[in-house]
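J.: model this:
(one chain, ligands or ions: 1)
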Amino acid sequence: MRTLPEAVPGAAAADTITPTVGGDAIALTATPALPALLYQEDVLDGVRRLADGSIDLVVADPPYGLGKDYGNDSDRLSGQAYLEWSERWIDAVVPKLSPRGSLYLFCTWQYSPELFVMLKRRLTMVNEIIWDRRVPSMGGTTRKYSSVHDNIGFFAKARDYYFDLDSVRVPYDAETKKARSRPRFEGKKWLEVGYNPKDLWSVPRIHRQDPERADHPTQKPLQIVERMVLSSCPPGGLVLDPFTGSGTTAVACARHGRRFVGFEINPAYVDVARARVASVMPLARADAAQAAEAAEAAAAASIAAVPSTPAAANDAGPADALPHLAS
Ligand SMILES: C[S@@+](CC[C@H](N)C(=O)[O-])C[C@H]1O[C@@H](n2cnc3c(N)ncnc32)[C@H](O)[C@@H]1O
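T.: Below is the predicted model:
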């Protein structure tokens, strides 16, 4: 059985996510091979301690400049002040990307044009993804159309950015497969492995009754962030979430054997993130075993994705080598 890597060849060594000075590090997991560190700290103060070129994937979900209450003043900026602050964190984060690294930015239509231009000056734009939040129509606005989507920019450091499509393909349903049962489709790899997700992601937002719901006003669905982590970070690679919130990205990393480093200024959300990562660890083990089996089967069928560094996908350790719970 293929198992998870113990370290990350080609990527930064684990100790590069431990700053030498400052910062209030909270270990979300306790396994040295797959650490997850969260700093209760302003990203602008903390991120400079990370080594340049050490991050495989950035998942950035900053305040949107729309006045949300995060228990602090962080979403009070608007207009030019918001854009200037955005440029500051972008300039701090982008140099941390590894040569094949990539970055996803959550935002809304109010600022996406300016933010995307800012990022296009520094990186290559790969996609704009529309997250359709599946918000039901409830009357409300009468002078414009109801806005029910978030914009997600997907950017890469270079043209040969890491992207494992096979890990996020969407299986065809039985009906579609039947419709493609003519001889000329027989044995086609794409029919068996599923299709490439489109750039419109229809995923319900997390409502109050949702079992996934944590105590955070703008928690993102795990389903969305998991797709980013699986497709855009090699197994064992290092993911940075500069605005960790309730820890959705940390949970995705724990479930799928990626290392994590994040920043969050609100101590209450740090506690939420810690509890969430702790509660998913048993699931992580089951998922990891399943993922390892799936990877083995895929390799046998010669459809395994090409890893960013050969050793990243080939190194093995028992499925038990996944991070254990921090007590
Ligand atoms: C949109 S939320 C992130 C939600 C997160 N993706 C989730 O799924 O829970 C933005 C978060 O950034 C935090 N924040 C705001 N300014 C910050 C800063 N300068 N450094 C670090 N965290 C910050 C806020 O407290 C808030 O929790």
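
J.: tell me which residue in the chain sits closest to the ligand.
T.: Going by Cβ to the nearest ligand atom, the ligand is nearest to Gly245 of the chain, at 2.6 Å. Every residue, glycine included, has its C-beta placed from N, CA and C.

J.: so that residue, which state does it fall into?
T.: coil (DSSP: H, G, I helix; E, B strand; the rest coil).

J.: contact partners for it?
T.: Counting by Cβ atoms under 8 Å, 6 or more residues apart in numbering, Gly245 touches 61, 70, 216, 218-220, 264, 269, 273.

J.: out of those, who's the most crowded?
T.: Ranked by neighbour count (other Cβ atoms under 10 Å), the contacts of Gly245 have Ala273 at the top, with 29 neighbours.

J.: and that one, what does it touch?
T.: Ala273 neighbours (Cβ under 8 Å, 6+ apart): 28, 38, 244-247, 250, 262, 264.

J.: format those residues as TSV; extra columns: distance to Ile152 and pLDDT.
T.: Listed next are the contacts of Ala273 as TSV, based on distance: Cβ to Cβ, whole Å; pLDDT from 0 to 100:
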residue	distance to Ile152	pLDDT
Leu28	24	89
Leu38	23	96
Thr244	17	98
Gly245	15	98
Ser246	18	98
Gly247	19	98
Ala250	19	97
Gly262	18	98
Glu264	20	97
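
J.: and which of those is nearest to Met228?
T.: Ala250 (13.1 Å; Cβ to Cβ).

J.: what about the helices in the protein?
T.: 43-46, 79-93, 112-120, 174-179, 189-193, 222-232, 248-256, 267-300, 310-314 (DSSP state H).

J.: most tightly packed of the ones you listed?
T.: Neighbour counts (mean count of other Cβ atoms under 10 Å) averaged over each of the helices of the chain peak at helix 248-256, with a mean of 28.

J.: coming back round to it: spatially, which two of the contacts of Ala273 are the most separated?
T.: Farthest-apart pair in the contacts of Ala273 is Leu28 and Gly245; separation 13.5 Å (Cβ to Cβ).

J.: let's test this: name the helix or strand in this structure with the lowest mean pLDDT.
T.: Scoring the helices and strands of the chain by mean pLDDT, DSSP states H and E places helix 310-314 at the bottom, with a mean of 26.

J.: right, is stretch 61-76 up against the ligand?
T.: Yes - using Cβ under 6 Å from any ligand atom, we find that stretch 61-76 touches the ligand at 61-63, 70, 72, 74.

J.: next, the distance between the ends of that stretch.
T.: 16 Å (Cα to Cα, to the nearest Å).

J.: could you list the buried residues of it?
T.: Going by neighbour count (16 or more other Cβ atoms under 10 Å), the buried part of stretch 61-76 is 61-65, 70, 74-75.

J.: kindly report the same for stretch 53-61.
T.: So, applying 16+ other Cβ under 10 Å, buried residues of stretch 53-61: 54-61.

J.: just these now: which is nearest Leu97?
T.: The closest of the buried residues of stretch 53-61, once distances to Leu97 are taken by Cβ to Cβ, is Ile55, at 5.5 Å.

J.: contacts only, for the closest one.
T.: 12, 96-98, 101, 238-240, 261.

J.: out of these, who's nearest Arg255?
T.: Using Cβ to Cβ, the shortest approach to Arg255 within these belongs to Val239, at 12.0 Å.

J.: skipping its backbone neighbours, what lies nearest the closest one in space?
T.: Leu57 (4.7 Å; Cβ to Cβ, 6 or more residues apart in numbering).

J.: ok, now which ones touch that neighbour?
T.: Each residue near Leu57 by Cβ under 8 Å, 6+ apart is listed here: 101-104, 228-229, 232-233, 237-240, 258.

J.: those residues: which ones sit near the ligand?
T.: Okay, of the contacts of Leu57, nothing touches the ligand (Cβ under 6 Å from any ligand atom).

J.: just among those residues, which is most surrounded?
T.: Cys233 (31 neighbours).

J.: residue numbers of the stretch 1-150 of the chain in contact with the ligand?
T.: For the stretch 1-150 of the chain, the residues in contact with the ligand (Cβ under 6 Å from any ligand atom) are 42-44, 61-63, 70, 72, 74.

J.: pretty sure Ala92 contacts Asp45?
T.: No - using Cβ atoms under 8 Å, Ala92 makes no contact with Asp45, being 9.5 Å away.

J.: fine, thanks again, bye for now.
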